[in-house]
Structures are given as structure tokens and as C-alpha cells.
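Asker: just coords:
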């Protein structure tokens, strides 16, 4: 009986491997706000939904790293839904405190930016497939605020 159940699981897994799944990418990371304690960046995440119905996003988790260290992380519960057969753009606000940025001064260099690695996980609940996390990773550079950003 156990071998029959294993064969059934393998058959279903093989059939579901070819099923299209939503995919995402980070399209932009820009400076959003500067205040006394921190800098806020805004990441734009584009997610395509191949299905003919909207899919609710359960949760969005993100972590941003620079120079091998975590400089920010967060969670957005229930950020909305993925539009049916369309691309949905999600805004992900990322807050980084100045104390962390000052510790990264070695990476800043002459161009006044830091290299980053942004890791995002979009948790969705797909019918038949169950819980599914769409991993989105992006590398790039983000500009640090200058005095003109304060005024």
C-alpha cells in the first residue's frame, strides 16, 4: 500500500512540475524618505500571474544585506492580490537606520552608494499546489542621502 501511495505522489509531483507558477523580479530601488533616524528606500517588485484568477498574497518578507551584514528586514502581512493574467507591482518600503549606514562607511567609497542584496519572499496559497513562496532576489547599488535630500 505504501508503494502505491509513493507512486501516486510521484505522479502528481511530475504533473505539477510543468504547471506555470507566478514569478517576480525587483524592477527598482529608490530613495523614498530621509528623516533624523533612518533612510527609507522603496523597492518595486513586479510579479506576473499566469492564472486566469486573482491570487491573494498571504505575506511578504524581505531582508536587505550589504557588506555581508543584514541592514534591514521586515514583513508585510496581506499586501494585496496578484491580478489575473497580468503583472502586479508591489511597493516594499525598506527602512535602514543611520547607525547601520555609518558602520558600512568602508563600502561607500567615492560614489556615495552601497552595494546591496535584497531577498524577498512572497507567500501565496495556490489551489491544488498549496502554500507557495515566490523567491525574488536582486543585487545592486543604492544611493545614500546627501544634504540636498534633507532640504
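Answerer: Great, that's in hand. Remember, it's a predicted structure, so these values are computed and weren't measured experimentally.
Asker: which ones are touching the residue most central in space within the chain?
Answerer: Using Cα atoms, centre = their mean, the residue of the chain that lies closest to the mean C-alpha position is residue 120, 2.5 Å off. Taking Cβ atoms under 8 Å, 6 or more residues apart in numbering, we find residue 120 in contact with 24, 26, 43, 45, 60-62, 92, 135-138. Where you see a C-beta, it was placed from the backbone N, CA and C, and this is true even at glycine.
Asker: Is it within a helix or a strand, and which one?
Answerer: Residue 120 belongs to strand 113-126 when assigned by DSSP states H and E.
Asker: Paired strands for that strand, with orientation please.
Answerer: Strand 113-126 pairs in its sheet with strand 55-66 (antiparallel), strand 130-143 (antiparallel), by DSSP bridges.
Asker: for it, which positions count as buried?
Answerer: 114, 116-122, 124 (16 or more other Cβ atoms under 10 Å).
Asker: show me where the chain has helices.
Answerer: 2-17, 98-103, 105-108, 147-150 (DSSP state H).
Asker: now, which of the buried residues of strand 113-126 sits nearest residue 50?
Answerer: Using Cβ to Cβ, residue 124 is the member of the buried residues of strand 113-126 that lies nearest residue 50, at 12.5 Å.
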